[in-house]
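S.K.: Structure, please.
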Amino acid sequence: MAVERQSNPSPRTGASGAAHAGLNVRQRNLVALLRILHVDGTTSRARLTQLTGLNRSTIGGLVGELRALGLAVENGYEVTPGPGRPSPLVEPRPEGAIALAVELTVDSLATAVIGFGGAILAERRLVRPRRSVEPDEAIEEVARQIGAMRRSWEGAPLAGVGVAVAGLTNRLTGTVDFAPNLGWRDVPLSERLSQALTAVGVPEHLPLDLANEADLGALAEARRGAGRDVDDLVYVSGEVGIGVGVIAGGQPLLGAAGYAAEAGHMLVNPEGATCGCGARGCWETEAGERALLRRAGIEPSLVGGEAIEAVLARAADGDPVATAAIEETGRWLGLGFGNLVNLFNPRLVVLGGLYHRLFEPLKPFICAAFGSRALRVSADMVQLGVSELGDEALLIGAAELALSRLFDDPLGLVNRVPTA
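M.R.: Now for the predicted structure:
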């Protein structure tokens, strides 16, 4: 498999500007239809005409081309009131282009086979004990899962492999430079994972793209979740640490190598606890899972979803310690959100991970602290919401990263990528 540098995909279009610049008019029109079908799903020919501004004859020809490529099918007709012929319905064909998605986080290792249009064709997840995991152990498990799902991807055009990692990932080199909660540093993950996947039948030269898990959570929510109609959003996910991904002007904000928006390590309390990154007073030391559980008096052996449920149950029973823990954690979250809103001026902040489960009890304390920190002009524009994709967000984002190659060169990808 090949480890390649990938241009930044737009959450809304699925393609980079640089890639579109190299396409001719027919290919651009083909991409326009592809991205509508991929994001919006089944769409009538009449609606495709309206959305693209192309005439009916051109749309008919392009749909025929997508059918020939195995990327679309026509199934039924749109029922509309009034005179006129019914318009054929065009559906994305998931098996026409497939991504292998990988999620590597502290509590679980997961994989999925996801097709064009976002359909999840198969999925595996291993929930594991809270501890550091050796890279070789994680790679072996990922390869085992992908191999076990081989019937779901064998013989289909593979767009690539997308990998979401809870840590600092270098998109230029395919290296996990620093993942303190996994216990990893300077791991050449793309190279080693490519070798392991080749051993279970994945084509050797298939592109593999590596990214921070919060960046891919943001991409997923922007394309398929809470931010579908939003060009400026911030995604905040909490587990052991805090991950942040930013979509600005419809594009992922990544920085030179993919390290941008590591807001979990922004300073919020100079006198605070020492973080796993080595610094003191990082946002995740005040608003992350460990801080909440420590304040609530939860025994150290209890972590993850089980521990969060214990905090919620105690608070519901009127436990003043658990209630105070939620209030204090919400306050620190709100202060951090204020910083993010002042920096990025989003229209939407999406909460994922444990914050998705804790949203309702945290919300009043988040809003109070946020209101005291954010500039009013920016605060008045932003909405606070929860992930619509939940635990699937990272796998969906990883698949979107891989499937973005389809929009860069649809004809070349379908004709070029071999099958196992």
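
S.K.: ok, now how distant is G53 from A368?
M.R.: Plainly put, G53 is 47 Å away from A368 if you go by Cβ to Cβ, to the nearest Å. Bear in mind the C-beta positions are built from the backbone N, C-alpha and C, glycine included.

S.K.: Which of those two has more residues huddled nearby?
M.R.: Neighbour totals were compared for G53 and A368, and A368 leads with 13 against 9 (other Cβ atoms under 10 Å).

S.K.: tell me which element the more buried one is part of?
M.R.: Assigned by DSSP states H and E, A368 belongs to helix 354-373.

S.K.: for V246, same thing?
M.R.: Secondary structure (DSSP H and E) places V246 in strand 242-248.

S.K.: E154 is in contact with G201, isn't it?
M.R.: Yes: between E154 and G201 there is a contact at 6.8 Å, judged by Cβ atoms under 8 Å.

S.K.: what about the closest residue to V200 other than its chain neighbours, how many residues close to it?
M.R.: Distances taken as Cβ to Cβ, 6 or more residues apart in numbering place G147 nearest to V200, at 3.5 Å, with adjacent residues excluded. Residues within reach of G147, counting by other Cβ under 10 Å, total 15.

S.K.: which helices and strands sit right next to the helix or strand hosting G147?
M.R.: Here G147 sits within helix 135-148, counting by DSSP H and E. Counting contacts by 3 or more Cβ pairs under 8 Å, 6 or more residues apart in numbering; DSSP states H and E, helix 135-148 packs against strand 98-104, strand 108-115, strand 120-127, helix 189-198.

S.K.: now with 10 Å?
M.R.: In terms of contacts (3 or more Cβ pairs under 10 Å, 6 or more residues apart in numbering; DSSP states H and E), helix 135-148 is packed against strand 98-104, strand 108-115, strand 120-127, strand 158-165, strand 184-187, helix 189-198.

S.K.: Show me which residues of the longest one are buried.
M.R.: For helix 189-198, the buried set under the neighbour-count rule, 16 or more other Cβ atoms under 10 Å, comprises L189, S190, L193, S194, A196, L197, T198.

S.K.: tell me the mean pLDDT over it?
M.R.: Confidence for helix 189-198, expressed as mean pLDDT, is 97.

S.K.: domains of this structure?
M.R.: Domain segmentation of the chain under automatic domain parsing yields 2-79+88-95, 96-215+393-416, 229-388.

S.K.: Check the offset of the second one from the chain's centre.
M.R.: Computed by Cα atoms, centre = their mean, to the nearest Å, the separation of domain 96-215+393-416 from the middle of its chain amounts to 12 Å.

S.K.: Next: the last one.
M.R.: When C-alpha coordinates are averaged (Cα atoms, centre = their mean), domain 229-388 and its chain have centres 17 Å apart.

S.K.: Ok, the shortest one next?
M.R.: Offset of domain 2-79+88-95 from its chain centre (Cα atoms, centre = their mean): 22 Å.

S.K.: could you pull out the helices for the stretch 301-420 of the chain?
M.R.: Ranges of helices within the stretch 301-420 of the chain are 304-316, 320-344, 354-373, 376-379, 393-408, 410-416, based on DSSP state H, counting those that start in this stretch.

S.K.: That should have said the stretch 151-300 of the chain, apologies.
M.R.: 189-198, 213-224, 283-287, 289-296.

S.K.: Please produce CSV containing the ones you listed, extended by distance to D409.
M.R.: Converted to CSV, those look like this (distance: least, Cβ to Cβ, whole Å):
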stretch, distance to D409
helix 189-198, 21
helix 213-224, 19
helix 283-287, 39
helix 289-296, 42
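
S.K.: R131: which of the ones you listed is closest?
M.R.: Closest of the helices of the stretch 151-300 of the chain to R131 is helix 289-296, at 14.2 Å (criterion: Cβ to Cβ).

S.K.: Which neighbouring elements make contact with the closest one?
M.R.: With 3+ Cβ pairs under 10 Å, 6+ apart as the test, helix 289-296 has strand 233-238, helix 283-287, helix 304-316, helix 320-344, helix 354-373 packed against it.

S.K.: Which neighbouring elements make contact with the second one?
M.R.: Which is helix 283-287. Helix 283-287 packs on strand 233-238, strand 242-248, helix 289-296, helix 320-344, helix 354-373, going by 3+ Cβ pairs under 10 Å, 6+ apart.

S.K.: Try it again at 6 Å.
M.R.: Applying 3 or more Cβ pairs under 6 Å, 6 or more residues apart in numbering; DSSP states H and E, we find helix 283-287 packed against helix 320-344.
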